[in-house]
Each structure stands twice: as C-alpha cells, then as structure tokens.
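Novice: can you look at this prediction? I've put the sequence above it.
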Amino acid sequence: MIYSDPIIEKYVELIKANTSAIKAFYQGEPIRLPASNLPCAIIAKRETRAGALTNAEDEHGIGMSITIVADVRKDLSTDDNIAKAVAGVSTLYDIIEGRNEDYTLKEDSILGILRSNIVLDAAKSLRTDLGSMTRVDYGTTLRDRAQDQWSIEARIEFVCSFSQVR
C-alpha cells in the first residue's frame, strides 16, 4: 500500500476546492508526467521540525513545497510577437500568483488560495504559517518530464504547522 500523507491531502483538498486550473496532483516528485495531466501540482514536504509547545504538547512546523508544472506547447507560436517569446510563463504566472488590476491576488491562484485559507483543519490546529515568508521560485525552467513534451515549472515554498498531544 502506498502511503498518502494526510497533511498533503489537506492541501490537495484545499486547492481542488478553490480552482479548476490543476488537472492532477502528486505527492512527492515524479520523474515522468503524462502531458494530459498538465498543468499539475506536485506537493512535497521539505523538512519537519518538532518541539515542545507545552508540557503535554508538541508543535510541528513542516516546510512544504507546491510545484506547478505547465505544458508550454499550447502557447508556442510561429508569430513574430514578443508575448510568444516567453511561451508558458504567463500561464504559469496566472496559475501561481495571478493578480487583479489592483495587484491583489486572484482568489483562484495558488498563492491567493494559500494566503486566504489559513486554517486547513481547526480541530487539529493545522494551518498555513503566515508568520514565515512564503516564497515563489520561477527559477525552474523548461524541463523534459516526458518524451515530446515541454514543460515549465515554478515552486511555492511555505510552512504549515499544527500542535498535538504527545
């Protein structure tokens, strides 16, 4: 049986409930992705820190990442147009941190979803930690995750936390 992390599942549920832009979700880093599943979200843990909160409780802080992989083929063109020179980037920007004219995050962008839905499970105190900086990295460029496929990626790094009785 393949382990399905319940914290990652909460973030999958959150994203699914707030956007239809993502076709597939993966836990951990897959090597190959079918083009039919793009754009997809890869949700993974980077690190976990646990320490005493009270005499009977621990506080857990988990560094998480959400990588969005988008297919650039639909954006490629032979047009002599400056906008087409950065094929796929505008699609990726919109999914990750699309903004309205007044610079506010779109409600269905991944960053907007994370920043607007802080509590994932009130009963178990699972929440996105807004006290730590959320980071978006667009440095991951074109990759070949499948044959005859061009994809572009960005990663959001954030911290979630919860407390539990020891």
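Specialist: Received it, and whenever you're ready, just let me know what you need. Numbering: from 1, shown residues only.

Novice: report how many residues lie close to residue 89.
Specialist: When neighbours are defined as other C-beta atoms under 10 Å, residue 89 has 17 of them. C-betas here are computed from N, CA, C, even on glycine.

Novice: what about residue 35, how many residues nearby?
Specialist: Residue 35 has 14 neighbouring residues, counting by other C-beta under 10 Å.

Novice: that one and residue 72 touch, don't they?
Specialist: No - the pair residue 35 and residue 72 fails to qualify as a contact (C-beta atoms under 8 Å) at a distance of 10.8 Å.

Novice: shared neighbours, these two?
Specialist: Common contacts of residue 35 and residue 72, defined by C-beta atoms under 8 Å, 6 or more residues apart in numbering, are absent altogether.

Novice: run through the neighbouring helices and strands of the helix-or-strand element of the chain with minimal mean pLDDT.
Specialist: The weakest-scoring helix or strand in the chain, judged by mean pLDDT, DSSP states H and E, is helix 89-97 (a mean of 89). For helix 89-97, the packing partners by 3 or more C-beta pairs under 8 Å, 6 or more residues apart in numbering; DSSP states H and E come out as strand 57-71, helix 110-116, strand 151-165.

Novice: export the ones you listed to CSV and tack on mean neighbour count?
Specialist: Shown next, in CSV, are the helices and strands packed on helix 89-97 (neighbours: other C-beta atoms under 10 Å):
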stretch, mean neighbour count
strand 57-71, 19
helix 110-116, 19
strand 151-165, 19
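
Novice: nearest to residue 23, out of these?
Specialist: Distances from residue 23 to each of the helices and strands packed on helix 89-97 were compared using C-beta to C-beta; the minimum, 9.9 Å, belongs to strand 57-71.

Novice: give me the mean pLDDT for that closest one.
Specialist: Averaged over strand 57-71, pLDDT sits at 92.

Novice: what lines up beside that strand in the sheet?
Specialist: Taking DSSP bridges as the criterion, strand 57-71 sits next to strand 40-52 (antiparallel), strand 151-165 (antiparallel) in its sheet.

Novice: now tabulate the helices and strands packed on helix 89-97 in a markdown table and tack on distance to residue 101.
Specialist: What follows is the helices and strands packed on helix 89-97, written out as a markdown table (distance: least, C-beta to C-beta, whole Å):
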| stretch | distance to residue 101 |
| --- | --- |
| strand 57-71 | 23 |
| helix 110-116 | 15 |
| strand 151-165 | 22 |
